[in-house]
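Novice: the following block contains a protein sequence and its predicted model.
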Amino acid sequence: MNAKKLKNVLYTIAFPLAVYAVMELLCFCVRDRHVLSSMLDVQTIIRDTGSSAMIAFGLSLNLSSGRYDLSLGAQRLAGTIIGGVLALQLGLSGIWFLVFALLFGLLFGFLTGLAFVITRVPPMVLGVGIGLVWECFPYKISQGKGLNLFGVTGMEVINNTSFTIAVVIIVAAFIYILSNMTKFGYQMKAIQGSQLISQNSGINIFSHAVICYTLAGGLVCLAGMIDTVFTTQLTSSLGLASSGPINKNMFPMMLGGFIGIWTNQSIGVIVASLCVNLLSYGLITLELSEANSSVVNSVLFVLFLVFLANRYVLKNKRMEQERIALAKKRRRELAEMTAGACIW
C-alpha cells in the first residue's frame, strides 16, 4: 500500500472514530455512560447502519441525476408489507421474506419509473402523487394492520448480524461495479453532467431513469424487511407518513458522497451511515428526546450542506490573491524594464 492509499484509508477511518470519540466523551462526562455499553448495542448499530446504507444507496441512484423520488417511503412500505403478507399466506419463512420484499420493491420501483417516463411529470410532483397511491395498497391488503412478524419462526437468519453484514457487502459491491465498471455507470456520470448533452449524444436517459427507479425500490424494501424482522412490526400508514425513514437518511447519503472522495461512494455511504448512527446513539444515551435529537441531526445536516456549498470559497479566494500578487509583481518588473530602457 503506497502512501496515498494509506492516507485515504486513514482519512476514511477518522470520520467514525472522531464521531465515536466525541459522543463517548460527552456521554461519559454528562451521563457517566458509554455510547455502546453491550454487545446488543453493537449488533443493533450494525443492523441500523446496514439499513441506513441501503436506503442511502437507493436515494443516491436518482438524486445524483437530479431526481428526488418522494415515493420511496411508500415503495418501502408497500413492498415490505405486501411481500411479507404473501410469504405468510404461502407458509414461507426466513429468507423468503427478504426475497418477496425485494421483488415487490423492484416492481413498485419499475412502475414508478415507468410512470415518470410516460407522464414526464417532474419527479417530486410525481413522487407525492404516486406515493399516496402506493400507500393505499398495503393498507387495503393488510386491512390497516400492516405486517406483524411476532412469533413467526425461521426469521433468525435475517435478524443475524452476520447476515446483515453480508447483505450490505453484496449491495455495496453491486453499486460499486454498476457505477464504475459498466456502461450504465458511465452513462450515469454523463447524465449527471448534462442530461441534454447526454441525450443528444445517444444515451437513452429515460430507460436509464427507469432502471434507477427500479433498483432504488428494491434497495429500500431490503432495508424495510431487515428493520421489520428486528422490530417484528411494520404499521401501514397514509398521507406520505412513510417518508420519514427515507428523509432521515439524506444525511448519510450526502456525507457518504463527501467521504467517498478518499475511497469510493460505496464505502463512503457505509462509513457515513455508521457516523450518523453513532451520533444518534450518543444522543439517545444523553437522554435527549426524539424531537430534540431530530433538531440536532437536522442542524448538523444543514451545517454540512453549507460547508459543501462553500468549501472551495477560501481556496478560490487564496488563489485569486496569489494571482493578483503575481500580476502586481509582473507589472513592477515591466515598469522597471521600461524605466531602464528609457535611461539608455
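Specialist: Yep, it's here. Residues are numbered from 1 along each chain as shown.
Novice: which residues of the stretch 51-200 of the chain fall in helices?
Specialist: Taking DSSP state H, counting those that start in this stretch to define them, one finds helices in the stretch 51-200 of the chain at 72-89, 95-119, 123-141, 156-159, 161-180, 183-193, 195-200.
Novice: what comes up buried for the fifth one?
Specialist: Just to be clear, that refers to helix 161-180. Of the residues in helix 161-180, those scored as buried under the neighbour-count criterion (16 or more other Cβ atoms under 10 Å) are 163-164, 167-168, 171-172, 175, 178-179. (Glycine included, C-beta is placed from N, CA and C.)
Novice: likewise stretch 314-334?
Specialist: Residues of stretch 314-334 classed as buried: none (neighbour count, 16+ other Cβ under 10 Å).
Novice: for it, the averaged confidence score.
Specialist: Taken as a whole, stretch 314-334 has an average pLDDT of 79.
Novice: for the helices of the stretch 51-200 of the chain, which one ends up most surrounded?
Specialist: helix 72-89 (a mean of 26; mean count of other Cβ atoms under 10 Å).
Novice: pull the CA atoms of it into CSV?
Specialist: Output of helix 72-89 as CSV, limited to C-alpha atoms (Å, rounded to 0.1, in the frame of the first residue of the first chain):
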residue,chain,number,x,y,z
LEU,A,72,-39.5,5.8,-1.9
GLY,A,73,-41.0,5.6,1.6
ALA,A,74,-44.3,4.4,0.1
GLN,A,75,-42.5,1.9,-2.0
ARG,A,76,-40.7,0.6,1.1
LEU,A,77,-43.9,0.3,2.9
ALA,A,78,-45.8,-1.4,0.1
GLY,A,79,-43.1,-3.8,-0.9
THR,A,80,-42.3,-4.9,2.6
ILE,A,81,-45.9,-5.4,3.8
ILE,A,82,-47.2,-7.0,0.6
GLY,A,83,-44.2,-9.2,0.3
GLY,A,84,-44.4,-10.2,3.9
VAL,A,85,-48.1,-10.9,3.9
LEU,A,86,-47.8,-13.0,0.8
ALA,A,87,-44.9,-15.0,2.3
LEU,A,88,-47.0,-15.6,5.4
GLN,A,89,-50.0,-16.7,3.4
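Novice: quick check: mean pLDDT across that helix?
Specialist: Model confidence over helix 72-89, given as mean pLDDT, is 88.
Novice: contacts for the helix or strand hosting F301, please.
Specialist: In the assignment (DSSP states H and E), F301 maps to helix 290-310. Identification of contacts with helix 290-310 by Cβ atoms under 8 Å, 6 or more residues apart in numbering yields 248, 250-251, 254-255, 258, 276, 279-280, 283-284, 288.
Novice: in the stretch 201-344 of the chain, where is pLDDT below threshold?
Specialist: In the prediction, the stretch 201-344 of the chain carries residues with pLDDT under 70 at positions 339-344.
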